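Chemist: Fold the stuff below for me.
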Amino acid sequence: MWGYLSLMPIFLAVWAISGVWIVFAIAVTNRTVDLSKGFPYISICGSFPPQSCIFSQVLNMGAALAAWICIVRYHQLRDWGVGRWPNQLILWTGLLCALGTSVVGNFQEKNQRPTHLAGAFLAFILGNVYFWLQLLLWRLKNLPQPGAPWIGPLRLGLCSFCTILIVAMIVLHACSLRSVSAACEWAVAMLLFALFGLFAVDFSVLESCTLCVQPWTSLSPPPASPISLPVQL
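Modeler: Take a look at the predicted model:
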């Protein structure tokens with residue numbers, strides 16, 4: 001039976017996908033973007049009020065949910081025997097992706113273009129790297145794969161398609177083919193949200209987790225082992 005943790009990735013995917021398309025619809029309705037001049041980038045749609053406020057809220061909440069999902073995934077991989085350093089590398093890649101998503105939402109392109117582009121790099125590039133590291137780890141460590149047998153190939157296909165689209169987006173933008181590049185950007189965003197949503201399959205096997213509180217180094221001798229607090233979710 002799926003619990004709260006398995007619903008969280010689904011909620012993130014639905015929230016983010018519906019949110020950015022609502023921003024697009026508002027931008028088209030109030031004519032801050034003109035489709036007759038080409039298909040707009042996501043950031044262009046979210047650059048002007050009132051949809052810029054909705055855009056920021058959608059991405060901020062999405063970033064918070066993504067960060068929490070990355071933390072839960074870190075603990076799940078730890079319980080599956082993944083080493084500390086590769087697990088932390090994956091965790092920080094995911095957290096930086098979440099941070100970049102928040103930066104994109106709060107620093108609109110028309111106000112802070114360099115900061116906005118830095119956030120987009122973290123969100124898109126590191127987001128893609130995060131899921132490639134997940135696949136690589138699963139392949140090397142032979143980790144459990146909850147769900148149907150086609151989940152693994154589906155993730156591989158989504159990651160591959162996402163990588164191709166990111167390269168195409170950059171090349172097309174450099175060639176001034178902005179509409180096609182923007183379409184690639186939208187597709188990449190949808191794929192990354194879908195990949196986060198697929199964590200619902202992995203989290204479906206979680207029933208509880210354990211928080212390990214490590215004492216801070218001080219003059220007093222530390223206890224023999226960490227304090228374990230079982231938390232039912």
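Chemist: residues contacting the residue nearest the centre of the chain?
Modeler: Nearest to the geometric centre of the chain sits Ala66, at 5.2 Å (Cα atoms, centre = their mean). Ala66 makes contact with 12, 94, 97-98, 101, 196, according to Cβ atoms under 8 Å, 6 or more residues apart in numbering. (C-beta placed from N, C-alpha, C; glycine too.)
Chemist: Just put the residues you listed in CSV and tack on neighbour count, distance to Leu126 and pLDDT.
Modeler: Formatted as CSV, the contacts of Ala66 follow (neighbours: other Cβ atoms under 10 Å; distance: Cβ to Cβ, whole Å; pLDDT from 0 to 100):
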residue, neighbour count, distance to Leu126, pLDDT
Leu12, 23, 17, 94
Gly94, 25, 8, 96
Cys97, 25, 5, 96
Ala98, 26, 9, 96
Thr101, 28, 10, 95
Phe196, 27, 13, 95
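Chemist: Using CSV, lay out these together with distance to Pro146.
Modeler: Shown next, in CSV, are these (distance: Cβ to Cβ, whole Å):
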residue, distance to Pro146
Leu12, 18
Gly94, 19
Cys97, 23
Ala98, 23
Thr101, 26
Phe196, 16
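Chemist: quick one: which of the residues you listed is nearest to Ile26?
Modeler: Thr101 (19.7 Å; Cβ to Cβ).
Chemist: How far off centre is the helix or strand where that closest one lies?
Modeler: Per DSSP states H and E: Thr101 is located in helix 84-106. Centroid separation for helix 84-106 versus its chain: 8 Å, with Cα atoms, centre = their mean, to the nearest Å.
Chemist: With stretch 38-52 instead?
Modeler: The answer for stretch 38-52 is 20 Å, by Cα atoms, centre = their mean.
Chemist: quick one: average pLDDT of it?
Modeler: The pLDDT scores in stretch 38-52 average 91.
Chemist: Just the CA atoms of that stretch, as PDB, please.
Modeler: Provided in PDB are the C-alpha atoms of stretch 38-52 (Å, rounded to 0.1, in the frame of the first residue of the first chain):
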ATOM      1  CA  GLY A  38       7.300  32.200 -32.200                       C
ATOM      2  CA  PHE A  39       7.000  29.700 -29.400                       C
ATOM      3  CA  PRO A  40       8.300  31.200 -26.100                       C
ATOM      4  CA  TYR A  41      10.800  29.900 -23.600                       C
ATOM      5  CA  ILE A  42       9.400  29.000 -20.200                       C
ATOM      6  CA  SER A  43      11.300  31.800 -18.600                       C
ATOM      7  CA  ILE A  44       9.800  34.400 -21.000                       C
ATOM      8  CA  CYS A  45       6.300  33.300 -20.000                       C
ATOM      9  CA  GLY A  46       7.200  33.700 -16.300                       C
ATOM     10  CA  SER A  47       8.900  37.100 -16.600                       C
ATOM     11  CA  PHE A  48       5.900  39.400 -16.500                       C
ATOM     12  CA  PRO A  49       3.300  40.000 -13.800                       C
ATOM     13  CA  PRO A  50       0.900  38.600 -12.800                       C
ATOM     14  CA  GLN A  51       2.100  35.200 -14.000                       C
ATOM     15  CA  SER A  52       5.600  35.900 -12.700                       C
END
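Chemist: In this protein, which helix is the longest?
Modeler: helix 51-79 (DSSP state H).
Chemist: Check what pLDDT the residue nearest to the centre of the chain gets.
Modeler: 96.
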